[in-house]
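A.B. asks: what's the 3D shape of this:
(2 chains)
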Amino acid sequence: MTDLLYSEEEEALRAAVRDLLTDHCAPADVLARGESGTPFDRALWKSLAEGIGLAGLLVPEEQGGQGATHREAAVVLEELGRAVAPLPYLTSAVVATEALLACDDRELLARLASGRTIGVLAVGLATAPGAGVRTVRAENGTLSGELTGIADAAVADVLLVPADDGGLYAVTADAVTVTPQVSLDLTRPLATVTLTGATGRRVGDFGPAVERALRAAAGLLASEQLGVADWALTETVRYLKERRQFNRPVGGFQALKHRLAQLWLEVVNLRAAARAAADALASGEDTDLSVAVAQAYAAPVAVHATEEAVQLHGGIGMTWEHPAHLYLKRAKADSIAYGTAGAHRTALAGLTGLQAP
Amino acid sequence: MTDAAELRRRTRELLAQHPPASTDRLDFLRARFDAGLAWVHYPEGLGGLGAPRSLQGVVDAELEAAGAPDNDPRRIGIGLGMAAPTILKYGTEEQKRQYLRPLWTGEEVWCQLFSEPGAGSDLAALGTRAVREGDHWVVNGQKVWTSSAHVARWAILIARTDPDVPKHRGITYFVCDMTDPGVEVRPLRQITGEAEFNEVFLTGVRIPDSRRLGEVGDGWRVAQTTLNNERVAIGGMALPREGGMIGPVARTWRERPDLRTHDLHQRLLKLWVEAEVSRLTAERLRQQLTVGQPGPEGAGMKLAFARLNQEISGLEVELLGEEGLLYDDWTMRRPELVDFTGRDAGYRYLRSKGNSIEGGTSEVLLNIVAERVLGLPTEPRTDKDVAWKDLAR
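C.D. replies: Sure, this is the predicted structure:
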């Protein structure tokens, strides 16, 4: 039976992550970093990944990790989403780590699990599980080509690059050229990765590795989207209790109350869907369907919640100074990341036998 | 502490003493009640053992495996879901002993005399009057939207006992005998063609004071127990995947490729996802209740259930195309059971329109979520400190 609740240990983990982010990742900090062009906070990453030891949650203890499951990683992602934290947790500790778990490079896996090395799978952020993957050319023992839309590539120490010989290659960052792209989401920037006769070490076949990585990514992204949506709802409710117009708190007007109640219901549903996906990834049962359901539901909710946050904050919600736009941009980017809701519905048509005409 | 092993032992003992194959159905149900295996979370002597509610499944599974009869819960939903929790919380010992056993066995059907033509969403404005005469109350008024009134032995009734105080404070809660000569039940035909509901006219109905539940003037508070249980009963059912209204339309889709269009496909998949997510939310709520952490999710479940039923059944009628132009039967019938999925798509479409009205309209429930869950300010109230008799009507 799918366990949809949070255990006491999971709640303790949440509290630890939230405390850290409250102290070191306030919206004003995130905004200031985003504008500086270097959103990544290496000290914060060190505290989270090495200090609390969260980079290795998905890696078994005998391979240098924490031996936890996707359920715990999902709780971390909820909190990172709630803080719209510009950290490569999803990309390194989930996606690249899952890819390596399908390969055979224990040394690199252990380095990622320790948090001291940041790894990034060089597959475009928009790629859905099961979709085709762009590759580089493998010729004479070197790799050449250009890959775009690679999230967090700018902070990666190692890139996992799929090549046209079917291999997945570990390539160190100093062997490639990373060119930042101006990204909609300021807190998860994309980059183009160019390889010109780069040398890499083949760690396995990219097919099963990418498939596994993208499925976990899509499933756990729902928890990040839950965190984003929950922030938007909570912050908007808080503001509307305070904000007065017409000599009343704006939150007392029924038109707005009904919109917020509706949004609450969507967030409650998203929590159940995200927990189901995390639990299915952890147990390996009913995984494809649970992940597709969560992703088909999560993106519209996170986008709706953040759009409502901007609208219901009124004028202040449209300003650069207010953090609502950081969440809106993350939610909108997340709605494309690892497959749109529509792509996941198409997958569901096959999984449920509800075939297209 | 009654644990699963102990419940299993007691259930097997019941089955040994009253073998279902050779025991009269009603005798078996009475014996089950007396053994404390009816609703295990109820107190001893009242059909339960004071055990955790989550262990009911242990008993039910054993009994089902042994082919034991059940109490046909769908026929007595109002009694089980609404009257019983209220009697348990507010009834005297004598009332509990008198009402709960035949209620649970289904010997006595219950109905609910709450809504009135002039008091729907604003239920507390109700005008049915109960006036004290010695050790009796004399009741006059009209109730409406009363399921099962035509088969009920008893009703839970709220009536105005003090018109001189603000509306919430002058209400008292009673158990009304539906065989009283002053009770007249008339079928109320609905948009589905059938009369699942009734109007109930109360003319000089005499209710002994011993059938009052809770204190005089405290009926509104007592009624909250009934209404909260009603919404949980309506929205919180555990279902398998495709167990709700999405089931029939998904089956039709699979079996009838000739009906498929791209537009309907996209809409069907969206609704399928929403139905599955709602099912997971209901399951999550159930898991919270099992570990004793009831969440506020229950308030939202009925909202989601109503909207989904309406959208899914609407899609189903459209999917059927030419067949969707037909309706199975407009004959006025008086069903004993409410069965949302028992008839065709057109019936489901029309019947589900009631889902956002019965048990609290969706608009009222959104207010409840906004105010009680999110803590947003209440509507400005013009009737709060005004005596009921002075309210505009």
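A.B. asks: got the domain ranges for the chain?
C.D. replies: Defaulting to chain A. Structural domains annotated on chain A: A:8-117, A:137-205, A:208-352, as defined by automatic domain parsing.
A.B. asks: not what I meant, chain B
C.D. replies: Under the assignment automatic domain parsing, the domains of chain B span B:4-105, B:110-215, B:236-373.
A.B. asks: before we move on, the earlier item: and the domains of chain A, which is most packed in?
C.D. replies: domain A:208-352 (a mean of 22; mean count of other CB atoms under 10 Å in any protein chain shown). No exception for glycine: its C-beta is placed from N, CA and C like everyone else's.
A.B. asks: and B:Glu379, how many neighbours?
C.D. replies: Neighbourhood size, B:Glu379 [other CB atoms under 10 Å in any protein chain shown]: 12.
A.B. asks: I meant A:Pro357, not that one.
C.D. replies: Other residues close to A:Pro357 by other CB under 10 Å number 11.
A.B. asks: show me where the stretch 151-300 of chain B has strands.
C.D. replies: B:154-160, B:171-177, B:183-188, B:197-208, B:212-213 (DSSP state E, counting those that start in this stretch).
A.B. asks: average pLDDT across the fourth one?
C.D. replies: Going back to what we said before, that points to strand B:197-208. What strand B:197-208 shows for mean pLDDT is 97.
A.B. asks: pull the CA atoms of that strand into PDB?
C.D. replies: C-alpha atoms of strand B:197-208 as PDB (Å, rounded to 0.1, in the frame of the first residue of the first chain):
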ATOM      1  CA  PHE B 197     -36.100  13.200  -2.200                       C
ATOM      2  CA  ASN B 198     -39.200  14.300  -0.400                       C
ATOM      3  CA  GLU B 199     -41.000  17.200   1.100                       C
ATOM      4  CA  VAL B 200     -42.000  16.600   4.700                       C
ATOM      5  CA  PHE B 201     -44.900  18.600   6.200                       C
ATOM      6  CA  LEU B 202     -45.000  18.600  10.000                       C
ATOM      7  CA  THR B 203     -48.400  19.500  11.500                       C
ATOM      8  CA  GLY B 204     -48.900  19.300  15.200                       C
ATOM      9  CA  VAL B 205     -46.300  16.600  15.500                       C
ATOM     10  CA  ARG B 206     -45.800  15.600  19.200                       C
ATOM     11  CA  ILE B 207     -42.300  14.800  20.300                       C
ATOM     12  CA  PRO B 208     -41.700  13.700  23.900                       C
END
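A.B. asks: okay, buried residues for it please.
C.D. replies: For strand B:197-208, burial by neighbour count (16 or more other CB atoms under 10 Å in any protein chain shown) applies to B:Phe197, B:Asn198, B:Glu199, B:Val200, B:Phe201, B:Leu202, B:Val205, B:Ile207.
A.B. asks: so in the chain, where's the weakest helix or strand by average pLDDT?
C.D. replies: You didn't pick a chain, so chain A it is. helix A:27-36 (a mean of 86; mean pLDDT, DSSP states H and E).
A.B. asks: switch to chain B, that's the one I care about
C.D. replies: Between all helices and strands in chain B, the lowest mean by mean pLDDT, DSSP H and E belongs to helix B:219-235, at a mean of 76.
A.B. asks: returning to that earlier point: nearest to A:Ser223, out of the domains of chain B?
C.D. replies: Taking CB to CB as the criterion, domain B:236-373 is the member of the domains of chain B that comes nearest to A:Ser223, at 14.0 Å.
A.B. asks: run the chain-centre distance for the closest one.
C.D. replies: 16 Å (CA atoms, centre = their mean, to the nearest Å).
A.B. asks: that domain near chain A anywhere?
C.D. replies: Yes - applying CB under 8 Å from any CB of the partner chain, one finds that domain B:236-373 is in contact with chain A at B:250, B:253-254, B:257, B:260-262, B:265-266, B:268-270, B:272-274, B:276-278, B:280-281, B:283-284, B:287-288, B:291, B:293, B:297, B:300, B:303-304, B:363, B:366-367, B:369-371, B:373.
A.B. asks: excluding its backbone neighbours, what's nearest B:Val386?
C.D. replies: B:Pro166 (6.1 Å; CB to CB, 6 or more residues apart in numbering or on different chains).
A.B. asks: now B:Pro43: how far from B:Glu94?
C.D. replies: 15 Å (CB to CB, to the nearest Å).
A.B. asks: among those two, which residue is more densely surrounded?
C.D. replies: More neighbours surround B:Pro43 than the other of B:Pro43 and B:Glu94, with 14 against 9 (other CB under 10 Å).
A.B. asks: and the buried residues of strand B:197-208, which is closest to chain A?
C.D. replies: Chain A has its nearest neighbour among those in B:Phe197, at 27.2 Å by CB to the nearest CB.
A.B. asks: quick one, what contacts the closest one?
C.D. replies: B:Val144, B:Trp145, B:Thr146, B:Ser147, B:Ala149, B:Pro187, B:Leu188, B:Gln190 (CB atoms under 8 Å, 6 or more residues apart in numbering or on different chains).
A.B. asks: switch to 7 Å and redo it
C.D. replies: B:Trp145, B:Thr146, B:Ser147, B:Leu188, B:Gln190 (CB atoms under 7 Å, 6 or more residues apart in numbering or on different chains).
A.B. asks: chain neighbours aside, what residue packs nearest to it?
C.D. replies: Excluding its sequence neighbours, the residue lying closest to B:Phe197 (CB to CB, 6+ apart) is B:Leu188, at 4.8 Å.
A.B. asks: pLDDT score assigned to the one you found?
C.D. replies: The model's pLDDT for B:Leu188 equals 94.
A.B. asks: helix or strand: which one has A:Leu195?
C.D. replies: If you go by DSSP states H and E, A:Leu195 is part of strand A:190-198.
A.B. asks: now do that strand: distance to the chain's middle.
C.D. replies: 22 Å.
A.B. asks: contacts for it?
C.D. replies: Under CB under 7 Å, 6+ apart, the answer for strand A:190-198 is A:122, A:125, A:136, A:142-151, A:153-154, A:159, A:161, A:171, A:175-181, A:183.
A.B. asks: that one: partners in the sheet, and parallel or antiparallel?
C.D. replies: Strand A:190-198 has the following strand partners under DSSP bridges: strand A:142-151 (antiparallel), strand A:177-180 (antiparallel).
A.B. asks: and the furthest pair within the contacts of B:Phe197?
C.D. replies: Greatest spatial distance among those (CB to CB): B:Thr146 and B:Gln190, at 12.4 Å.
A.B. asks: the two: which has the busier surroundings?
C.D. replies: Taking neighbours as other CB under 10 Å, B:Thr146 and B:Gln190 compare with B:Thr146 leading, 23 against 16.
A.B. asks: that one contacts B:Cys111, correct?
C.D. replies: Yes - contact between B:Thr146 and B:Cys111 holds when scored by CB atoms under 7 Å: they sit 5.4 Å apart.
A.B. asks: ok, residue 324 - contacts?
C.D. replies: Picking chain A for this. Contacts of A:Ala324 (CB under 7 Å, 6+ apart): A:Thr306, A:Ala309, A:Val310, A:His313, A:Gly317.
A.B. asks: let me rephrase: I mean chain B.
C.D. replies: Counted by CB under 7 Å, 6+ apart, B:Gly324 has contacts B:Val317, B:Glu318, B:Ala345.
A.B. asks: all strands of the stretch 1-150 of chain B, in order?
C.D. replies: B:110-113, B:129-133, B:136-144.
A.B. asks: for the nearest residue to B:Leu80 once chain neighbours are set aside, grab phi and psi.
C.D. replies: Spatial nearest neighbour of B:Leu80, excluding adjacent residues (CB to CB, 6+ apart): B:Pro73 at 5.8 Å. B:Pro73 has phi and psi values of phi -60, psi -30 when expressed as degrees, to the nearest 10.
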